[in-house]
Every structure is written in structure tokens, then in C-alpha cells.
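*Asks:* A structural model of the following input is requested.
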Amino acid sequence: MTTRALTPRQIVSELDKYIVGQEDAKRNVAIALRNRWRRMNVKSDIQEDIIPNNILMIGATGVGKTEIARRLAKIAEAPFVKVEASKFTEVGYVGRDVESMVRDLVEQSVNMVKARKKEEVKEKAAAAVEDIILDALIPAIKSNSVKTGFSTASDPNEIPTSDVDLNERTRNLFREKIKNGELETRKIEIDIKQSGGGNVGMIGAGMMDEVSMMNLQEMISGMMPKKAKKRKVTVAEARKILLEEEVARLIDMDEVKEEALRKAEDAGIIFIDEIDKIASSHGKGGGGPDVSREGVQRDLLPIVEGSTVNTKYGVIKTDHVLFIAAGAFHISKPSDLIPELQGRFPIRVELNSLTKEDFVRILKEPKNALTKQYMAMFESEGVQINFSTEAIEAIAQAAFSINAEMENIGARRLQTVISRLLNEYLFDVPDKIPAGSKLEITGEMVAQKLSGLMKNKDLSEYIL
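*Replies:* So this is what the prediction gives:
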């Protein structure tokens, strides 16, 4: 398993396509990602001792922390899991335990590897499915000719064609009809395999028991014979059902698990959001909820340091998983985290608050900019919509002003403003605004539509 070999500059260039500004954060995550490739290519024994430089992102909501981490994982083609630190509870309390994030990462990795393997065998599986459908569509020519007593030759003077040849010609004819989509609604009878066993109940407490029971359940399920059930379905439905079965048969799940565990260990990224919520707001003192928060931090520590976690797919070591933590730190400070955990996030990046100019760029530059998303949605109805430069400026100004007066939710405010602006048009398409129409969003139109929103000082209705 190799990490996608992009240079730090190339990684930043890829991130620039989706994220405006935050150059310092982009550079640091680019270095962290490239370092993984560098570690994998180290030839000496020191390779195992090179640990990732985990990153702590500090910044208000909506400035791009999550988007940077998510896009980084996509660039690296790596398993990625986002978790919220505030959802975890200390061991012994009701709630999610911190090891569940690692199990989620392995699950994601298995899905990624399985999806790739499916693509590899899809062509072979499709050919096998076609043969199964043909078998169901075409009765055996030989048995039919025996029953009827007729020759398969159309002319008495013609040398009779063998049943095998005729069957092959018939199959080719039907194969063409299937490929042309002429038989999609034809009903056929197929065998569908069903698992013979039901769910095994989980007894006992603790995550170790749960993992053991999951493994036991999987083992029992694998030993149970698969029962075949006959169903009458259309050719289109049969193709879908049989393709899943055939693909599952062709994929070696042991190989998938082994590769997925390696991929999660060497390339996995875990994004821990809201880490400031588990920091003690009173520094080192205090009791009550602060004790529980510190307990979660101490539970996180061995995972981030590097430990072994049991999953239903096998054991995974977290030594080389990249952890990116993020928080606004409005009330608490990074120094309020326990010293041991602080030490496990050596790279600290402060993300800048977004300006009006940033909002303008966010609306225009990224590949998935909101304006482009809305243009695509209108286009699906055959309606063309364009935003003038003045309109984009006005939308950006409105979002920036609302953030300044109320809670600052960063770029997420743009979604609120632009939906308020365009909802009326979205409702009228296609009834009042038919296909072929053109809409021009101007600065004056934005000012008019958002005038009530801008005058209203009680903006709680518009806070996400």
C-alpha cells in the first residue's frame, strides 16, 4: 500500500481548488501528508520510529478546519473519519468510547478497499451474471426437441443443426437483446442466496466483549450454509441482485481485511472536532464536569500516542494514524488541555477569521462554490441563472454584516443568505419559470430581497 505521491506544493494547489485562504494551515497539512509518503519510502529500520506530526487547528466555526481535513483525505485517497470530542465519555460512563473512532476508521477503510476490488472484478462478474440470466431466459433446446419430436432444422433437405449449435445461436441472439436493453422488463426466475443464520445476541459488557461477539457472529455466519430462495423478478432487477452476489463471490474478504487494516494504519486520518469542549475551562483545578472532560482526554491519550485496538476485522495499531484536532477555543485555551495530550499535537495552526473579500472569493473561486452549485441545480431544470459581480459583492457583504452583528459562523452564513435570496425562484421553477428561461441576479435584486433580513436586528431566525 502506497500513499499518493504528491509534493507539498501540489497538495496545497489541490486544496486551493476548494478552500480560500488559510495558507498556513494548508502548508502544514501538506507537509504532514508528504511526510507519510517519505516514511513509507525510508529503507532503514528507523521507518517504524517515524511518527506523524499531529496537528491542532485553532479557529472559529466556518473558517475551513473540517473542509481542509476532509479534502486532504480525498487527495491522499485515505480512510477519513470525523468525530466530535464532545460526544465521547470517560470509560465507565454511558456514551461513545474513544476507541470507537478507530473502529469507524477501519470500517471506512474496508469500504474503500472493497469498492476498489468491486471495480476490479465488475467486468468478470457482469459476464457471469449475463450467463445466469441467459440460462433463466432460454430453456434447453435439446430437452424441448426431445419432448416435441421435431427436428431443429427448418428445411427437410438441410442437414440438421446440432442442438448445441442452435442453443449457442439462440444465446447469442438473446445476449444481443440483453445488451440492447430489449428484455429489461421480462420476468425470470432466479435463485437468491440467503444466510442461514440470524443475529447472535450480545451478552456481557465492555467493548472487548462486543468485539469478541462481533467476531463470533461473523464466524458463525460464515459457517452457516447459504439457503437459496427462488424469486421471480425482471431482468433489470435480477442483474442488480446477481451482480452483488457475484461480486461478493469473486472478492477475497480475507485479502480485503488485511489490506484495509494496513491502509488504516499507514494512511488513516482521524479528525477530532470540538476538542476545546473537553478542555477544562478552569485550567488545572475544578471538579464536576471538568473531571469527566479530563477523563476523556486521558482516554484519548493512548490512542493518539499509539496503541492497539481490537476491531471486528482484526487488530490495528494507531502509531502512524494522523490525528488532526480542531476547536474554536473561545472559552478555554489549548493550554487547558492536559500537558500529555498537548504534547501529542506538536503542530499548532491558527486559522484566520473570514473577511468580506474572503466571502467574495468563496462565492467565485472554489470548484464547488455555492454559486456554481445553484447554477447546476437551476440548469437541471433547463433554467440558466447568472450572478453579476455586484450581486456577489452584495451577498458577501450581507453575510459578513450578519456575522459581525450576531454569532460568527463563518462561511456557513453564505448558505443562509443565498438560500433566502433564491428560495422564491427555486419554488417557482418549473411552474412559473419554465425551461429555457434566464435569470440574472443583480446587485439591486440582492439588496431588495435581503432588505428585510438586513434591517431586522433580531436575526435569531437566520442563525444556523
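*Asks:* C-alpha from now on. contacts and neighbour counts both.
*Replies:* OK.
*Asks:* tell me how far the ends of stretch 375-394 are from each other?
*Replies:* End-to-end distance of stretch 375-394 (CA to CA, to the nearest Å): 18 Å.
*Asks:* my error: substitute stretch 279-297 in the last question.
*Replies:* Counting by CA to CA, you get 8 Å between the two ends of stretch 279-297.
*Asks:* where does this structure have low pLDDT?
*Replies:* Counting by pLDDT under 70, the ranges of the chain that qualify are 1-4, 89-96, 139-166, 194-227, 281-291, 452-464.
*Asks:* domain-wise, how is it divided?
*Replies:* Under the assignment automatic domain parsing, the domains of the chain span 8-109+260-350, 120-156+163-259, 356-453.
*Asks:* what about residue 428, distance to residue 68?
*Replies:* 36 Å.
*Asks:* contacts for the host helix or strand of residue 36?
*Replies:* With secondary structure defined by DSSP states H and E, residue 36 is part of helix 23-40. By CA atoms under 8 Å, 6 or more residues apart in numbering, the surrounding residues in contact with helix 23-40 are 2-9, 11-12, 15, 47, 50, 52-55, 57, 68-69, 72, 76, 266-267, 347, 349-351.
*Asks:* more crowded one of residue 428 and residue 68?
*Replies:* residue 68 (18 against 11; other CA atoms under 10 Å).
*Asks:* quick check: angle from whichever helix or strand that one is part of to helix 23-40?
*Replies:* Mapping residue 68 onto the secondary structure by DSSP H and E places it in helix 65-76. Using axes from the mean of the first three to the mean of the last three CA atoms, to 10 degrees, the interaxial angle of helix 65-76 with respect to helix 23-40 works out to 30 degrees.
*Asks:* tell me how far helix 65-76 lies from the chain's centre.
*Replies:* Taking CA atoms, centre = their mean, to the nearest Å, the mean C-alpha location of helix 65-76 is offset from the chain mean by 11 Å.
*Asks:* what of stretch 370-384?
*Replies:* In terms of CA atoms, centre = their mean, the centre of stretch 370-384 is set 24 Å apart from its chain centre.
*Asks:* stretch 303-318 now?
*Replies:* Relative to the mean C-alpha coordinate of its chain, stretch 303-318 is positioned 21 Å out (CA atoms, centre = their mean).
*Asks:* now do stretch 420-434
*Replies:* When C-alpha coordinates are averaged (CA atoms, centre = their mean), stretch 420-434 and its chain have centres 31 Å apart.
*Asks:* could you dump that stretch to CSV, C-alpha only?
*Replies:* Taking C-alpha atoms only, stretch 420-434 is exported to CSV below (Å, rounded to 0.1, in the frame of the first residue of the first chain):
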residue,chain,number,x,y,z
ARG,A,420,-33.0,33.3,1.4
LEU,A,421,-32.2,35.1,-1.9
LEU,A,422,-33.1,32.2,-4.2
ASN,A,423,-35.8,30.2,-2.5
GLU,A,424,-38.6,32.1,-4.2
TYR,A,425,-37.2,31.2,-7.6
LEU,A,426,-36.5,27.6,-6.7
PHE,A,427,-40.2,27.3,-5.7
ASP,A,428,-41.4,28.8,-9.0
VAL,A,429,-39.3,26.6,-11.2
PRO,A,430,-40.6,24.9,-13.4
ASP,A,431,-44.3,26.0,-12.8
LYS,A,432,-43.9,29.8,-13.3
ILE,A,433,-40.3,29.8,-14.6
PRO,A,434,-40.3,27.2,-17.4
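*Asks:* mind exporting stretch 354-366 as CSV, just the C-alpha atoms?
*Replies:* Output in CSV follows, covering the C-alpha atoms of stretch 354-366 (Å, rounded to 0.1, in the frame of the first residue of the first chain):
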residue,chain,number,x,y,z
LEU,A,354,-13.0,35.4,7.2
THR,A,355,-13.3,38.9,5.7
LYS,A,356,-15.8,40.2,3.2
GLU,A,357,-13.2,39.8,0.5
ASP,A,358,-12.8,36.1,1.5
PHE,A,359,-16.5,35.7,1.1
VAL,A,360,-16.4,37.1,-2.4
ARG,A,361,-13.6,34.7,-3.3
ILE,A,362,-15.5,31.8,-1.7
LEU,A,363,-18.5,32.5,-3.9
LYS,A,364,-16.5,32.7,-7.1
GLU,A,365,-13.3,30.6,-6.9
PRO,A,366,-13.7,27.1,-5.5
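*Asks:* give me the residues contacting it.
*Replies:* Taking CA under 8 Å, 6+ apart as the rule, stretch 354-366 contacts 16-21, 63, 369-372, 392-393, 396-397, 399-400, 410-411, 414.
*Asks:* rerun at 10 Å
*Replies:* Contacts to stretch 354-366, defined as CA atoms under 10 Å, 6 or more residues apart in numbering, come from residues 15-22, 60, 62-64, 368-372, 387, 389, 391-401, 403, 408-411, 413-414.
*Asks:* so residue 412 makes contact with residue 396?
*Replies:* No - contact between residue 412 and residue 396 fails when scored by CA atoms under 10 Å: they sit 11.6 Å apart.
*Asks:* ok, back up a step: buried among the contacts of stretch 354-366? Need that as a selection in ChimeraX.
*Replies:* Here is the ChimeraX selection string for the buried members of the contacts of stretch 354-366, based on 16 or more other CA atoms under 10 Å:
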select :15,16,18,19,20,21,22,60,62,63,64,369,370,371,372,387,391,392,393,394,395,396,397,398,399,400,403,408,409,410,411,413,414
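*Asks:* what segments of the stretch 151-300 of the chain are strands?
*Replies:* 187-195, 226-234, 269-273 (DSSP state E, counting those that start in this stretch).
*Asks:* ok so, going back, now the angle from the helix holding residue 68 to strand 269-273?
*Replies:* In this structure, helix 65-76 runs at an angle of 170 degrees to strand 269-273, with the same axes, to 10 degrees as the basis.
*Asks:* from the contact counts, what lies against helix 65-76?
*Replies:* Contacts of helix 65-76 with other secondary structure elements, assessed using 3 or more CA pairs under 10 Å, 6 or more residues apart in numbering; DSSP states H and E, are made with helix 8-16, helix 23-40, strand 55-58, strand 80-84, strand 269-273, strand 322-327.
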